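# I would like the atomic coordinates for the input below:
(2 chains)
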Amino acid sequence: MTIKVRVPTPLQKLTGQPEVKVEAENVKGLIAQLEKNYPGIKDRICDETGKIRRFVNIYLNEEDIRFLEKEETSLKDGDEISIVPAIAGGI
Amino acid sequence: MSYLKGLRCRECGREYPKQALYVCEYCFGSLEAVYDYDGIKKILTREKIIKGPKSLWRYRELLPIDGNPSAGFYSGFTPLVKADILARELGVRELYVKDDSVCHPTWSFKDRVVAVALSRARELGFDTVACASTGNLANSVAANAAWAGFKRYIFIPANLEKAKIIGTLVYLPNLIAVNGNYDDVNRLCAEIAAKYRWGFVNINLRAYYAEGSKTFGFEIAEQLGWRAPQHIVAPAASGSLITKIWKALKEFEKLGLLESKVETKIHCAQPEGCSPISTAIQTGAEVIRPVKPSTIAKSLAIGNPADGYYAKDVVQASGGSAGIVSDEEIREGIKLLARTEGIFTETAGGVTVAAAKKLIREGKLPKEESIVLAITGSGLKTQEAIQDSVGQAAEIEANLAAFEDKVMKKNPVAAGR
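Below you'll find the predicted structure:
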């Protein structure tokens, strides 16, 4: 499964580019694979316990994975993942 | 003279220079402006504030700019209305309405944050400003950026109220209506902000922008005679306003500007169709679960609140509570404030009034204590929400007989309350 990952500015120092391709079966595997390719990136996305940080949003094809199966959300060929920090706004 | 020292991550404490930064590079936490309070304490007095401009810039020392302000010269310093009639109706002793439905120039508290964001955008050298908005911010950025001479790009969810769209277009921005909800708009804007060197007021200028909300809290304290009320009820979308009102009161306390210690309880008001923060507070949950919003209070329809955790912390640390109200209660809240105090507020204001009513009934707002309601914007922008529940004009022919027949006979005490 080749997944396209859009990388937020703060993490582009690690990936060197705004979009990378990764092979993975689910989100958890995708983060592990990202870590293999770009060491140090997992620490930034996940906290000490390995859970996705509370101010990091991960979207699968524009849907927040918290509305899907979270880290267990499975991926298929051609899927797109966006990693987006939480954004202020509203009241 | 600048008292702004830099930015600091609210999560991990890492420090950053006072530039246009999005989030903490390490942990994605949001960045907070850091001030030289010792320096401020030496020069900031009640007298200095009182002599200052009748706008939010009277608190300039506590706002995150280096030089002189360059936008929003007339924003803020809105009335704190002693709401005796509403108080009687709700059965409480001391009630006030902080009324930002008359904030200059676009009738919402967003004029405060935009005044600060655009002043900072100029200092940082931007010629283009942008925002993602549920409406009020769109109006305010469009208007203030027109006046201050910025190029402007405004992104909104496509289903926004018509008045908010027209009230943005009139200032000739580039207005982009995105098919999706506010959270979708924000996600898109995060990607745009990474690509273009624009000042996005709620993204890379967020640390500065958000500080403008403090002035809502400063004014409440100043207008109450340099004291903090016992309760403030405020609506929440991202939760930012709640955290900044709290910060404002704490700053005034730290600088010795208040008569006594801050013992204010902050109460969070959200609509049933989008209440991730209030729900977490009411259930005592650790985690704030994002929701898919569905509410007439579109300015509160943020399912994934960026400041939700901080707002929840403030409510809990202050000993406050949370209210959740239905669309019908919101409409009744809007009408109640209009009927009693003559103030026509937007749906978010309806949420505040309705939540206060509920919290008074539940005893969480004690009847003998001072209460301030945060009214954040004007009802003229969200007329669709109540158009079917305010009745209709009596239409008559232009003669006295018709008037007496169609109006006075039906309703002999029409002039009464």
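# Which single residue of chain B ends up nearest chain A?
Nearest residue of chain B to chain A (Cβ to the nearest Cβ) works out as residue B:237 at 2.8 Å. The C-beta positions use only the backbone N, C-alpha and C, and glycine is treated the same way.
# if I look at that residue, how far off is residue A:31?
Going from residue B:237 to residue A:31 by Cβ to Cβ, to the nearest Å gives 30 Å.
# How about residue B:18?
33 Å.
# One more: residue B:316?
Counting by Cβ to Cβ, the gap from residue B:316 to residue A:31 is 31 Å.
# Counting neighbours, go ahead and name the busier of those two.
Between residue B:316 and residue A:31, counted using other Cβ atoms under 10 Å in any protein chain shown, the more crowded position is residue A:31 (23 against 16).
# doesn't residue A:46 make contact with the more buried one?
Yes - Residue A:31 lies in contact with residue A:46 (Cβ atoms under 8 Å); the separation is 6.7 Å.
# So for these two, which residues contact both of them?
residue A:52 (Cβ atoms under 8 Å, 6 or more residues apart in numbering or on different chains).
# Residue B:367 and residue B:393: what is the separation?
Residue B:367 is 38 Å from residue B:393, by Cβ to Cβ.
# Neighbour count: these two, which is higher?
Each of residue B:367 and residue B:393 has its neighbours counted (other Cβ under 10 Å); residue B:367 has more, 13 against 5.
# Skipping its backbone neighbours, what lies nearest that one in space?
Counting by Cβ to Cβ, 6 or more residues apart in numbering or on different chains, residue B:92 is the residue found nearest to residue B:367 once chain neighbours are left out, at 4.9 Å.
# The one you found: what's it in contact with?
So residue B:92 contacts B:360, B:365, B:367, B:368, B:369, B:371 (Cβ under 8 Å, 6+ apart).
# Of these, which pair is most distant in space?
The span of these, defined through Cβ to Cβ, is set by B:360 and B:368 at 11.4 Å.
# Looking at those two, which has the bigger crowd around it?
Set side by side, residue B:360 and residue B:368 show more neighbours around residue B:360, with 21 against 8, by other Cβ under 10 Å.
# what about dumping the CA coordinates of the helix or strand hosting that one to CSV?
For residue B:360, the element it lies in under DSSP states H and E is helix B:347-361. Output in CSV follows, covering the C-alpha atoms of helix B:347-361 (Å, rounded to 0.1, in the frame of the first residue of the first chain):
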residue,chain,number,x,y,z
THR,B,347,-26.6,33.0,18.3
ALA,B,348,-23.4,32.7,20.4
GLY,B,349,-24.9,35.4,22.7
GLY,B,350,-28.1,33.4,22.9
VAL,B,351,-26.0,30.4,24.0
THR,B,352,-24.5,32.5,26.8
VAL,B,353,-27.9,33.8,28.0
ALA,B,354,-29.5,30.4,27.8
ALA,B,355,-26.6,28.7,29.6
ALA,B,356,-26.7,31.3,32.4
LYS,B,357,-30.4,30.8,32.8
LYS,B,358,-29.8,27.0,33.2
LEU,B,359,-26.9,27.4,35.5
ILE,B,360,-28.9,29.8,37.8
ARG,B,361,-31.6,27.2,37.9
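# Excluding its own residues, what touches the next helix or strand after it? List them.
Next helix or strand after helix B:347-361 toward the C-terminus (DSSP H and E): strand B:370-375. Residues from elsewhere that reach strand B:370-375 (Cβ under 8 Å, 6+ apart): B:80, B:83, B:92-101, B:109, B:216, B:220, B:224, B:229-235, B:241, B:245, B:337, B:343, B:345, B:349, B:352-353, B:356, B:365.
# In space, what's closest to residue A:2 - neighbours in sequence excluded?
residue A:21 (5.5 Å).
# Repeat that for residue B:39.
Nearest to residue B:39 is residue B:3, by Cβ to Cβ, 6+ apart, at 5.3 Å.
# and residue B:343, that one's in a strand?
No - going by DSSP: H, G, I helix; E, B strand; the rest coil, the assignment for residue B:343 is coil, not a strand.
# Could you report the neighbour count for it?
Applying other Cβ under 10 Å, I find that residue B:343 has 23 neighbouring residues.
# That one contacts residue B:99, correct?
Yes - with contact defined as Cβ under 8 Å, residue B:343 counts as touching residue B:99 (5.9 Å).
# Give me the common contacts of those two.
With Cβ under 8 Å, 6+ apart, residue B:343 and residue B:99 have common neighbours B:81, B:375.
# before we move on, back to that, show me which of the contacts of strand B:370-375 are buried.
For these, a burial check counting by 16 or more other Cβ atoms under 10 Å in any protein chain shown picks out B:80, B:83, B:92, B:94-101, B:109, B:216, B:220, B:224, B:229-235, B:241, B:245, B:337, B:343, B:345, B:349, B:352-353, B:356, B:365.
# any idea how far residue B:41 lies from residue B:67?
With Cβ to Cβ as the criterion, residue B:41 and residue B:67 are 21 Å apart.
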